[in-house]
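> Kindly generate the corresponding structure for this input.
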Amino acid sequence: MRVQLGTISVIHETWLPYASACLISYCNKIPAIRSNFTFNDPLYKYKPMEEYNNTFQESGVFGLTCYVWNQSYNDQLMQHYKSINPDGITMYGGPNVPEDPELAQQFADERPWIDIFWVGPGEKLISEFLLNIDQPLHTHQGSFGRTWNNVEVGRKLYQIAPEEMPTPYIDGVFDSILAEEKRVKASFETNRGCPYKCAFCDWGGQARSKVTKFELDKVYEQLDFIYNRKNIAELEILDANFGMLERDLEVVKQMKQHKDATGNNPKISYSGLAKNGSKWLPEIIDIIHHDLDADQRNLKVSFQTHSEKTLETINRANIKNDKLIPLIESFKQKGLPVTSEMIIALPGETADSWLYTLQKDYELGIDFMRTYFLNLVPNTEIYTKEFKTKHKVKSKVLAFPYSFSGLGYKKLHTDPEYRDERSTYEFEEIEIMHECSSYNLDEVVRMFDYWWFYHNFHNSRALNLTMKSLHDTQHDIKFQITWFYQHLDKMPFMQQLVEKNRAIIKNIFKDEPRTEVKDLATYLYFSRCLRSDEIYQFWHNKDQFIDDLSQVYPRELVEQDVAEWKTEFDMSMYGTDARIKPQEALAIAHER
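Take a look at the predicted model:
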């Protein structure tokens, strides 16, 4: 029997389908499966469904990995498969499949075209399923369907032994894709699990907290394969806390040896660094940033917030932000930039606590604060009924056309009012929290007001000298931001831009079950940069910029700042990490 698996990205079409490839690698090591089943190459591209017709007709089993960003497309693809092959077995796994029994039932009821759903590491579950495929569906452990649930959440469900590491690269699972694609991004793991239990993240939790360290020999074999393929241009380390273990330093040294031996130097990124720091982390970061090709030439520090109350609310109080300060200081001493990562509008956050976070980050000397929306995902504490009830969480769905995924700031630059008004098209759906016990719509608008100031004046360096001079004369960031908004009515140009930002936020957070976002500006705001075209407007309206801000800040400082801006506008001043000063742009050139 032929089996078709897939891990499809609707945005990054050259992202190797690592999750489904791991299942194939694991299963093909079992002789009874290898002799009775043939695995097609895993699907990984968002295509018109009709292009898969021949594959669907030949495949008796079809399974997909579900994430928030591909769920809608997966649903459509599975329904199309069933229309072509009604006797084929359809199955879902992945982070978007809920383990909570009530949510699982709802998930299954909404998808009658799926025969079986899996919760937990797919390698063991799928292999056991194929070995016993003649048994009734409702008998398989770790599964649920519309009329049964055999999921017992606990550590045992999620355990995978160190020697059971799947090895899709050296097993040839990606060979056909690598022969076809000129440039791909590879994912790679040395361990699984996370000892922390952050409420917004599905990495840890009581059931998944054990960290399994895979055998280093297999890790090194995978690395050898990756570094000997020139078209693997990017390499993402999937470990939740890379740098937490002493052996992580040896892994990085091995990567350097491979780079030196082959001349290949894929761009390195990591999903998460050791959240509480470690004594090995400084050297690991140093090697990645000086001897390898780091995805970003700056250190990324994931604080999420500096508010102690908010950290406690999201179950992150045991992760101490201060433990990362020595690493930050070491980078600053070497003249290297540091980026902090935050989540705006977390449960427990208020406008005042967010203002404190902005001030604290500035005082730490962080070069750039990158901030993200909070996405609600299944199998996290925030997603549970208990958490939502306790913190009075209200959530909604934001739906974006897939057609936006290939568009960026260049399109917005040339067509700022671009919309997709078609009434029937495919959506990427993301669930967000739009209200909780610590904030309502008015409060969240204030948060984003504060962020607007910090992002567009500090992050962009538009008011670099002014902000520093005021801070050095005992006018802290809290004062600067509140002073700006107290006098906003004196600045018509700034008020126009702020009101534009507020309109986007009110649309995103308005109280309704589902919001279809049809304008490109809001999509890019949410998914890319949390800003509109302010930098473009600043640069093209310098006189108004000076006149407005001189109403509330010393004119000579504002003029000095503007005098240091780039002399020509370029697209790098438009996007996520836009800087308006040339020296800053050079410092973060690799971020773009």
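> Poorly predicted segments of the stretch 401-550 of the chain, please.
423-425 (pLDDT under 70).
> again with the stretch 151-300 of the chain
Scanning the stretch 151-300 of the chain for pLDDT under 70 picks out the ranges 155-158, 203-209, 295-298.
> Tell me which stretches of it form helices.
155-158, 175-180, 216-227, 246-262, 281-290 (DSSP state H, counting those that start in this stretch).
> Show me what the second one is in contact with.
Contacts with helix 175-180, where a contact means C-beta atoms under 8 Å, 6 or more residues apart in numbering, come from Leu16, Asp41, Tyr44, Val184, Arg229, Asn231, Ile232. C-betas here are computed from N, CA, C, even on glycine.
> 10 Å - rerun?
Here helix 175-180 makes contact (C-beta atoms under 10 Å, 6 or more residues apart in numbering) with 14, 16-17, 21, 40-42, 44-45, 169, 172, 184, 186, 225, 229-232.
> Quick one: closest of the helices of the stretch 151-300 of the chain to Leu130.
Leu130 lies closest to helix 155-158 among the helices of the stretch 151-300 of the chain, at 18.5 Å (C-beta to C-beta).
> burial count for the closest residue to Asp476 other than its chain neighbours?
Excluding its sequence neighbours, the residue lying closest to Asp476 (C-beta to C-beta, 6 or more residues apart in numbering) is Gln359, at 5.8 Å. Gln359: 20 surrounding residues under other C-beta atoms under 10 Å.
> ok, now how distant is Gln359 from Thr482?
11 Å (C-beta to C-beta, to the nearest Å).
> same deal with Pro136?
65 Å.
> So these two - more neighbours on which side?
Thr482 (14 against 8).
> Could you find the closest non-adjacent residue to the more buried one?
Nearest non-adjacent residue to Thr482, counting by C-beta to C-beta, 6+ apart: Leu355, 7.8 Å away.
> residues near the one you found, how many?
Counted with other C-beta under 10 Å, Leu355 comes out at 22.
> Likewise for the one 5 residues further on?
The burial metric for Lys360, expressed as a neighbour count using other C-beta under 10 Å, is 17.
> Let me see the backbone angles for it.
The main-chain torsion angles of Lys360 are listed as degrees, to the nearest 10 and equal phi -60, psi -40.
> That one is in contact with Ile325, isn't it?
No: using C-beta atoms under 10 Å, Lys360 is not in contact with Ile325, being 11.2 Å away.
> Trp69 touches Ser9, doesn't it?
Yes: counting by C-beta under 10 Å, Ser9 is a contact partner of Trp69 at 7.4 Å.
> Mutual contacts of the two, please.
The contact sets of Trp69 and Ser9 overlap at Ser405 (C-beta under 10 Å, 6+ apart).
> joint contacts of Gln359 and Thr482?
Common contacts of Gln359 and Thr482 (C-beta under 10 Å, 6+ apart): Tyr450.
> thinking again about what came up before, just say helix, strand or coil for the residue nearest to Thr482.
Secondary structure state of Leu355, per DSSP: H, G, I helix; E, B strand; the rest coil, is helix.
> again, but for the one 10 residues further on
Using three-state DSSP, the structure places Gly365 in coil.
> I'd assumed Val301 was in contact with it.
No: contact criterion C-beta under 10 Å: Gly365 and Val301 do not qualify, at 11.6 Å.
> So which of these two has more stuff around it?
Shown here are Gly365 and Val301; by other C-beta under 10 Å, Val301 has more neighbours (22 against 11).
> Confirm that that one sits in a helix.
No: judged by three-state DSSP, Val301 forms no part of a helix; its state is strand.
> Now do it, the pLDDT please.
Val301 carries a pLDDT value of 84.
> ok, now which ones touch it?
Contacts of Val301 (C-beta under 10 Å, 6+ apart): 273, 275, 277, 321, 324-325, 327-328, 331, 338-342, 361, 364, 366.
> Please pick the buried ones from those residues.
By neighbour count, with 16 or more other C-beta atoms under 10 Å, those hold 273, 275, 277, 321, 324, 327-328, 331, 338-340, 342, 361, 364, 366 as buried.
> so which of these comes closest to Gln105?
Lys275 (33.8 Å).
> Over to the closest residue to the closest one other than its chain neighbours. Which of the three states is it?
Distances taken as C-beta to C-beta, 6+ apart place Ile319 nearest to Lys275, at 4.7 Å, with adjacent residues excluded. State at Ile319, reduced to three classes by three-state DSSP: coil.
> how about the strands in the stretch 251-400 of the chain?
267-270, 293-294, 299-304, 338-344, 368-373, 394-401 (DSSP state E, counting those that start in this stretch).
> In CSV: these, plus distance to Ile116.
Output for the strands of the stretch 251-400 of the chain, formatted as CSV (distance: least, C-beta to C-beta, whole Å):
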stretch, distance to Ile116
strand 267-270, 34
strand 293-294, 41
strand 299-304, 35
strand 338-344, 34
strand 368-373, 32
strand 394-401, 25
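> Tell me which of the ones you listed is the most buried.
Sort the strands of the stretch 251-400 of the chain by mean neighbour count, taking mean count of other C-beta atoms under 10 Å, and strand 299-304 sits at the top with a mean of 22.
> next one: that one to chain centre, how far?
What separates the centre of strand 299-304 from the centre of its chain is 13 Å, taken as C-alpha atoms, centre = their mean, to the nearest Å.
> That strand to helix 281-290, inter-axis angle?
Put simply, strand 299-304 runs at 130 degrees to helix 281-290, going by axes from the mean of the first three to the mean of the last three C-alpha atoms, to 10 degrees.
> Show me what the helix or strand containing Trp451 is packed up against.
Using DSSP states H and E, the element containing Trp451 is helix 441-453. Using 3 or more C-beta pairs under 10 Å, 6 or more residues apart in numbering; DSSP states H and E, the elements in contact with helix 441-453 are strand 338-344, helix 351-363, strand 368-373, strand 427-435, helix 477-486, helix 492-509.
> Which one of these lies nearest to Gly122?
Taking C-beta to C-beta, strand 427-435 is the member of the helices and strands packed on helix 441-453 nearest to Gly122, at 22.7 Å.
> then that closest one to CSV, C-alphas only?
What follows is strand 427-435 as a C-alpha-only set of coordinates in CSV (Å, rounded to 0.1, in the frame of the first residue of the first chain):
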residue,chain,number,x,y,z
PHE,A,427,-7.6,31.6,4.4
GLU,A,428,-4.9,31.2,6.9
GLU,A,429,-6.6,31.3,10.3
ILE,A,430,-5.0,32.4,13.5
GLU,A,431,-6.7,32.6,16.9
ILE,A,432,-5.8,35.5,19.1
MET,A,433,-6.8,36.7,22.6
HIS,A,434,-8.6,40.1,22.2
GLU,A,435,-9.6,40.6,25.9
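> Quick one: the helices in the stretch 451-592 of the chain, in order.
Using DSSP H, counting those that start in this stretch, the helices of the stretch 451-592 of the chain run over residues 464-472, 477-486, 492-509, 520-524, 534-540, 542-549, 555-563, 582-587.
> Relative to Cys198, which of these is closest?
Comparing those by C-beta to C-beta, helix 492-509 comes nearest, at 22.5 Å.
> ok, Glu102 - contacts?
Asn149, Thr384, Lys385.
> Kindly indicate which of these lies nearest Ser405.
Among the contacts of Glu102, and counting by C-beta to C-beta, the member closest to Ser405 is Thr384, at 30.4 Å.
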